[in-house]
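Novice: dropping the sequence and predicted coords here.
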Amino acid sequence: MWIDDQQVLAAKLDYVSGIAVFDEILDGKTLKEIDAVIHLEKYPKGLLFKIARGFGGIITHPFPVAKNEIKQVVLAESTESSGKLTFDLTDGNKIEFDIKKGKLWEVKDFFKEIKLNYEIEKTKKPVIPTEKKPVSTQKHGVPTLISFFVPGVGQLIKGHIMKAIGIWVIGGLVGFFLWWTFIAPFIVWVWNVYDAYNSNADWGAGDARAS
C-alpha cells in the first residue's frame, strides 16, 4: 500500500526524461503548458514521482521507484543555485530532472530529511570563446605616419622608448658620417617606418618596463 507522509518535495523540479508514462502525459509539451508540477514523495519502499495537475494538484499521475531499484543519485550543481538531478536505476534507465533556479538547497534538505544518499557533481558553464577584436589601425597607422616624417617618434608613441632613442642615436651618427652615401640613411629611415608599423603597441610601458 502506498502511504503518503509529509515528506514531499513539491514543485521544485522540472521533468526531463526517463519515465515513459510521463512522456505520454506530456506528449511533447512542457509541464507549464499542461499546468502541472512535479512532486517527489517518500513512501516506505522508496520514492514516488508524481505529475500533479489541477487545482491544488488534485489530479496526480504517480510513478513509484523502490529503494533497491535506485543504484545512484547524482546532483549536478551549477553556479546559479540550480542544477540537474539524475536517478540511475539498476535496470540501466536514468530519470532526469532539472532543479529550478534557487531551489537547490530545498532539494538537498529533502534528501537529508528522507536519509537518501546522493553524490554531488560540480558543473561548469561552457567557456564561450571571446571574439577576437580586429586590431585598430590607429595603433599602427598613426605611429607609422609620424615616423615617416619624424623617425623614432612612432616607436616612442607605442611605448618603445629605448628603441626610439636607438633610432635617434644611430640615425644621427649615420646622418653625420655617412650622409654622402644616401643609401645608409635611407635604410635606417625605411627600417624605422617598417618597425613603427609592425611592432606591438605597449602604450606607456614598452622598453621602459624591460629596462
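Specialist: The structure has been received and is ready for your questions.

Novice: how far away is Q7 from E77?
Specialist: Look at Q7 and E77: by CB to CB, to the nearest Å, they are 22 Å apart. For every residue, glycine as well, the C-beta is placed using N, CA and C.

Novice: before we move on, what about H61?
Specialist: Taking CB to CB, one finds H61 at 29 Å from E77.

Novice: who has more neighbours, Q7 and E77?
Specialist: E77 (16 against 13; other CB atoms under 10 Å).

Novice: can you pull the contacts of the nearest residue to I70 once chain neighbours are set aside?
Specialist: Spatial nearest neighbour of I70, chain neighbours left out: F87 (5.9 Å); criterion: CB to CB, 6 or more residues apart in numbering. With contacts defined as CB atoms under 8 Å, 6 or more residues apart in numbering, F87 is in contact with G18, L47, V65, I70, Q72, V73, K94, I95, E96.

Novice: again, only this time at 6 Å
Specialist: I70, V73, I95 (CB atoms under 6 Å, 6 or more residues apart in numbering).

Novice: looks to me like the last one is in a helix.
Specialist: No: checked against DSSP: H, G, I helix; E, B strand; the rest coil, I95 lies outside a helix; its state is strand.

Novice: what mean pLDDT does stretch 112-128 have?
Specialist: In this model, stretch 112-128 has an average pLDDT of 78.

Novice: and Q72, how close does it get to F87?
Specialist: 8 Å.

Novice: any regions of this protein where pLDDT drops low?
Specialist: The chain contains residues with pLDDT under 70 at 1-6, 56-57, 79-80, 123-140, 176, 178-180, 200-211.

Novice: quick one: the strands in it, in order.
Specialist: 8-10, 13-17, 36-43, 46-53, 59-66, 70-77, 83-89, 94-99, 119-122 (DSSP state E).

Novice: mind checking which of those strands is nearest L145?
Specialist: strand 119-122 (52.9 Å; CB to CB).
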